[in-house]
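Trainee: Fold the following, please.
(one chain, ligands or ions: 2)
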Amino acid sequence: MQDSIDILFYRLLFGDRKDLKEIDDRDKEHAIKKAIDVVGSEAQLNKKEIYEFRLRLAMHLCPAEAIDYKKTNPLPRHEIIRDYLTNELGYDRNIVDRLSRDLHNILDSWDAQRGTVAHQKDTLLTDQEYRCANCHISFRGTKFTGDCIRELGPDKPIPHIDHIEPVSSFGTNDPDNLQILCSFCNRGKGRGLGVDVKKEMKYAASNITDIPEKHRMEVYYYVINSNDSECAICGGKDCFLTIRKVQDGGGFARSNLEAICLDCI
Ligand SMILES: [Zn+2]
Ligand SMILES: [Zn+2]
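Mentor: Residues are numbered from 1 along each chain as shown. Ligands and ions are numbered 1, 2, ... in the order given. As a prediction, the model looks like this:
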């Protein structure tokens, strides 16, 4: 049984790139040491790989009762995991004690990340001085010119909590992975896949009033974000930014748009 866990660690770490028959004892020893090391420290792999590895490790080494842990369960999560590793998988109790606590923490942090982030909104807003992290529009009231209203749509900017790295690619609920975006930037960011070039072509020659709002939002978010949320003229980083064509006669295309602050329009 110990053997199969060692091999499992190896597979989790290195995928199926190596035929399992080729794994010798030294590889197995290396794999299990590395697996435990990875769970305990952040060496060797990048943040996303470590996170993914930890989740896979937890899914493979914890019983269903610990993965879907009910708060009403009288046993602590790590004890359920430890008992499973010792009784079902045949591990030595002394060896798995720390491992089961680490696995418990991985599952706890996964649960926490699925939880709500709404309570962090006020802190984030204060940190960002009540402005959108991308276009810096103020949630405390901004005087619009007619042109800006056309770009932003008729709505007042509403603050939304955004995961900088999306939850779908293992972004966490840590405050440093969260920011406030206005409703326009938030919808423009979407899943972060950028602007569809077919749509860009379709509307490149249209009047701005004829361009669907969703496409305008995507272009708006993209152009400001790829300008590092700085005004292309004055370099300002605090003032509300909007987008303007570089060449007036050119198209509504990313390459012909730049971020400009309200003062420089
Ligand atoms: Zn914004
Ligand atoms: Zn400016």
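
Trainee: Every contact and neighbour count from this point should use C-alpha atoms.
Mentor: Will do.

Trainee: Next, the contact list for residue 159, please.
Mentor: 132, 139, 180, 181, 182, 183 (Cα atoms under 8 Å, 6 or more residues apart in numbering).

Trainee: roughly how far apart are residue 257 and ligand 2?
Mentor: Going from residue 257 to ligand 2 by Cα to the ion, to the nearest Å gives 14 Å.

Trainee: from what I can see that residue touches residue 249, true?
Mentor: No: counting by Cα atoms under 8 Å, residue 257 stays clear of residue 249, with 11.7 Å between them.

Trainee: okay, these two: which has more neighbours?
Mentor: Neighbour count, other Cα atoms under 10 Å: between residue 257 and residue 249, residue 257 has more, with 21 against 9.

Trainee: show me the contacts for the more buried one.
Mentor: By Cα under 8 Å, 6+ apart, the contact set of residue 257 is 223, 243, 244, 245, 246.

Trainee: Those residues, buried ones only, as a ChimeraX selection?
Mentor: To isolate the buried ones among the contacts of residue 257 in ChimeraX, judged by 16 or more other Cα atoms under 10 Å, type:
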select :223,243,244,245
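
Trainee: So which of the contacts of residue 159 sit within helices?
Mentor: Counted as lying in helices by DSSP state H, out of those, are residue 183.

Trainee: what residue is smack in the middle of this protein?
Mentor: By Cα atoms, centre = their mean, the mean C-alpha position of the chain lies nearest to residue 165, the distance being 2.1 Å.

Trainee: ok, and that one, which helix or strand is that part of?
Mentor: Assessed by DSSP states H and E, residue 165 sits outside every helix and strand.

Trainee: Now it: closest residue in space, sequence neighbours ignored.
Mentor: residue 171 (4.6 Å; Cα to Cα, 6 or more residues apart in numbering).

Trainee: what about the closest residue to ligand 2 within the stretch 101-250 of the chain, is that helix, strand or coil?
Mentor: Distances between the stretch 101-250 of the chain and ligand 2 by Cα to the ion are smallest at residue 234, namely 4.1 Å. Following DSSP: H, G, I helix; E, B strand; the rest coil, the label given to residue 234 is coil.

Trainee: Surely it and residue 265 touch.
Mentor: No: applying Cα under 8 Å, one finds residue 234 not in contact with residue 265, separated by 10.7 Å.

Trainee: Can you check which residues contact both of those two?
Mentor: Counting by Cα under 8 Å, 6+ apart, residue 234 and residue 265 have no common neighbour.

Trainee: ok, back up a step: ok, the contacts of residue 257 vs residue 102, which is closest?
Mentor: residue 223 (42.4 Å; Cα to Cα).

Trainee: Now the closest one: which helix or strand?
Mentor: Counting by DSSP H and E, residue 223 is found in helix 213-226.

Trainee: tell me, how many neighbours does the residue nearest to residue 165 end up with?
Mentor: There are 16 residues near residue 171, going by other Cα under 10 Å.

Trainee: That one falls within a strand, correct?
Mentor: No: under three-state DSSP, residue 171 sits outside any strand and is assigned coil.

Trainee: Next to ligand 1, which bits of this protein? Give me the list.
Mentor: 132, 135, 182, 185 (Cα under 5 Å from the ion).

Trainee: Quick check: ChimeraX command selecting the buried ones in those.
Mentor: Buried residues within the residues of the chain next to ligand 1, by 16+ other Cα under 10 Å, are selected in ChimeraX with:
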select :132,135,182,185
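
Trainee: Can you tell me how far the residue lying closest to residue 203 once chain neighbours are set aside is from residue 219?
Mentor: Using Cα to Cα, 6+ apart and skipping the chain neighbours, the partner closest in space to residue 203 is residue 211 (6.3 Å). Applying Cα to Cα, to the nearest Å, the value for residue 211 to residue 219 is 11 Å.
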